[in-house]
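Engineer: A structural model of the following input is requested.
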Amino acid sequence: MGSVVRLLAAAVAAHVLSASPALAQVPPVAAGAVVVDMSGAAVGTVIESDASTVLVRTDKHEARLPLASMAPYASGGFVIAMSQAQLNAAVEYALATAQPSTDTGPVATGAGSAAPPAPEAESQGEPAASDSPVAEPL
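Structural biologist: Below is the predicted model of the structure:
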């Protein structure tokens, strides 16, 4: 069943790409190319590109965009479907909601922070840190 779905998806993609030459091949994206939004307003400048992505610098951020999200623009630049403000907001949202590092090292959260007790301490009948009495406020 999965191979049938993949074959059907590939056939549909091939049909769409053959019907629209602009979608079939985006011209090379050179550093320094201007990126504009659908109204022609400046979004940013291309910093670098590779086979599938383009790094665009706006007035506030750098964002790596899929090459497929860009189309050639009349002035030799490229057009995307987001304004500069929308792209900046998307980058800021991504930065604000980014997951913390998956580093498994100990993390100190403030003065006096200590790592949790080793599993051996709990198995030997010693109280865990969570079992210690809570100090009352003065």
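Engineer: So for the strand of greatest length in the chain, what gets flagged as buried?
Structural biologist: Looking only at the chain and at elements set by DSSP state E, the strand with the highest residue count is strand 42-49. Of the residues in strand 42-49, those scored as buried under the neighbour-count criterion (16 or more other CB atoms under 10 Å) are 43-44, 46, 49. All C-beta atoms are positioned from the backbone trio N, CA, C, and that covers glycine.
Engineer: Looking at those residues, which is nearest V91?
Structural biologist: Looking at these and their distance to V91, the nearest is G44, at 10.7 Å (CB to CB).
Engineer: can I assume the closest one is in contact with D59?
Structural biologist: Yes: counting by CB atoms under 8 Å, G44 does reach D59; the two are 7.5 Å apart.
Engineer: which residues are common contacts for the two?
Structural biologist: When CB atoms under 8 Å, 6 or more residues apart in numbering defines a contact, the residues bordering G44 and D59 alike are Q84.
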